[in-house]
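> sharing a sequence plus its predicted fold:
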Amino acid sequence: AQTVTQSQPEMSVQEAETVTLSCTYDTSESDYYLFWYKQPPSRQMILVIRQEAYKQQNATENRFSVNFQKAAKSFSLKISDSQLGDAAMYFCAYGSGNTGKLIFGQGTTLQVKP
Amino acid sequence: DAEITQSPRHKITETGRQVTLACHQTWNHNNMFWYRQDLGHGLRLIHYSYGVQDTNKGEVSDGYSVSRSNTEDLPLTLESAASSQTSVYFCASSPDPTASTDTQYFGPGTRLTVL
């Protein structure tokens, strides 16, 4: 069975600085996707970034980028130039290429200090 | 604009009562999912559907049921609510008919309290 682990329950960063959130996963599948979702206090789950496992190039969306290490089964999220609006809980998720189901990590709460 | 909605947004009920949470999407997505979110567990899959008349159990399906009579709706029913089912419930949908990892889009969530 697939598992996703986020080992940092809480992180904090100074506004305008860079922070990296960690995620590791375990799977025997070859076809899968990885996601980072953001959940602000409003509770809405917002897609931040997505990575296809077959792609070697790391995904980037504006200030958000990932470091995808397939052999190590690691998928970290880097937030550059952190903003107060980035404060939220961040979830790493594994998407099975066989079933389309998502498996979530436990989440990391990010605090952004002004 | 197309969207995914959930109702009610908040619900308080008593142990033993039947409760139904609604999920409606206007994207015409084939795949729909129900998750629950609890502290320390992230989101866990309850039930999912790949199309009309198709339903499947997720990892925490005991005490829950779903039915899919049309593309737009996947209601979640708690047959006899228990205090352990107090949680925040999220519905999600994705378009890929082959279920090959298309992005899931989430509703706003329903906070359910079982007293």
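Yep, it's here.

> what parts of chain A come near chain B?
Taking C-beta under 8 Å from any C-beta of the partner chain as the measure of proximity, chain A contacts chain B at A:4, A:6, A:31-33, A:35, A:37, A:42-45, A:47, A:50, A:91, A:93, A:95-107. In short, each C-beta sits where N, CA and C put it, glycine included.

> can you turn the buried part of the residues you listed into a PyMOL selection?
In PyMOL, a selection of the buried entries from the residues of chain A next to chain B looks like this (16 or more other C-beta atoms under 10 Å in any protein chain shown):
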select buried, chain A and resi 4+6+32+33+35+37+43+45+50+91+93+95+96+97+99+100+101+102+103+104+105+106+107
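
> B:F106: what's it in contact with?
Contacts for B:F106 (C-beta atoms under 8 Å, 6 or more residues apart in numbering or on different chains) come out as A:37, A:44-45, B:4, B:90-92.

> for B:V60, that is, sorry about that
If you count contacts by C-beta under 8 Å, 6+ apart, then B:V60 has B:36, B:44-46 around it.

> ramachandran coordinates for it?
Main-chain torsions, B:V60, degrees, to the nearest 10: phi -130, psi 60.

> and for B:P8?
The phi/psi pair for B:P8 (degrees, to the nearest 10) is phi -70, psi 170.

> residue contacts, B:L115?
Counting by C-beta under 8 Å, 6+ apart, B:L115 has contacts B:12-15, B:83.

> now do the strands in chain A.
A:3-5, A:10-14, A:19-21, A:24-26, A:32-39, A:46-52, A:60-61, A:64-69, A:74-79, A:88-96, A:102-104, A:108-113 (DSSP state E).
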